[in-house]
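**Q** No sequence on hand, only this structure:
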């Protein structure tokens, strides 16, 4: 007989589907505006450098990295890594993404508070993600032996819930980086007014993936809490 986890189907699955739709939207929007080239002719790497320089940030490197939409800022090495479809491209999409990553570099240089918080909680979040499921499984499986095991399961849920905290801190970080990017693009004449609209759409689509990820984390935590509570009542 097959076991159907209705808590997952009802609580989590709709947001997993939403996350997949958001991811698909990013790819389609990026592809659309990758075919529209800017009149100014700046590449993604050049646009990112201009954003950095106009914010007084001169010690950040810009490198090419393989893959599709693998663009990121690495605070450990102080390097912006732009994917092959962004680094040399003069498209509206490439410039939007590149300037967004430059926005993250500027955040780091200015000690933007949400970035500091996110960096600080990364180690404990990683530990929590590794320990949460084993603790929940052990706690539920042995809950018949006493309340202490139910408490272990709840500790597992709390550790898993750290992913919600991480996603919450990530949201303002990503939205702020996009805001910085759009302002820099506009103030420095990197794109025309019509082109800026396309860059905004690319960045908005990307931001929605983080909103979806937060929703998935919240509902997954709620699901685990309901499962642990249910096992305790049955004990």
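**A** Sure thing, it's come through. What you see is a predicted model, and the numbers here were worked out from it, not measured in a lab. Residues are numbered from 1 along each chain as shown.
**Q** Every contact and neighbour count from this point should use C-alpha atoms.
**A** Will do.
**Q** where in this protein is pLDDT low?
**A** Applying pLDDT under 70 to the chain picks out residues 1-3, 231-235.
**Q** in which helix or strand would I find the residue most central in space within the chain?
**A** In the chain, the centroid-proximal residue (Cα atoms, centre = their mean) is residue 210; its distance is 4.7 Å. The secondary structure element spanning residue 210 is helix 193-234 (assigned by DSSP states H and E).
**Q** Just give me how far that helix sits from the chain centre.
**A** Shown here is helix 193-234, whose average C-alpha point lies 10 Å from the average C-alpha point of the whole chain (Cα atoms, centre = their mean, to the nearest Å).
**Q** swap in stretch 133-148?
**A** A distance of 32 Å separates the centroid of the chain from that of stretch 133-148, by Cα atoms, centre = their mean.
**Q** what do you get for stretch 12-26?
**A** Once both centres are worked out by Cα atoms, centre = their mean, stretch 12-26 turns out to sit 13 Å from its chain's centre.
**Q** I'd like to know how far the residue located most distally from the centre of the chain sits from residue 155.
**A** In the chain, the residue that sits farthest from the middle, by Cα atoms, centre = their mean, is residue 145; the gap is 40.3 Å. With distances taken as Cα to Cα, to the nearest Å, residue 145 is found 17 Å from residue 155.
**Q** So what's the residue count around residue 230?
**A** Using other Cα atoms under 10 Å, the number of residues around residue 230 comes to 12.
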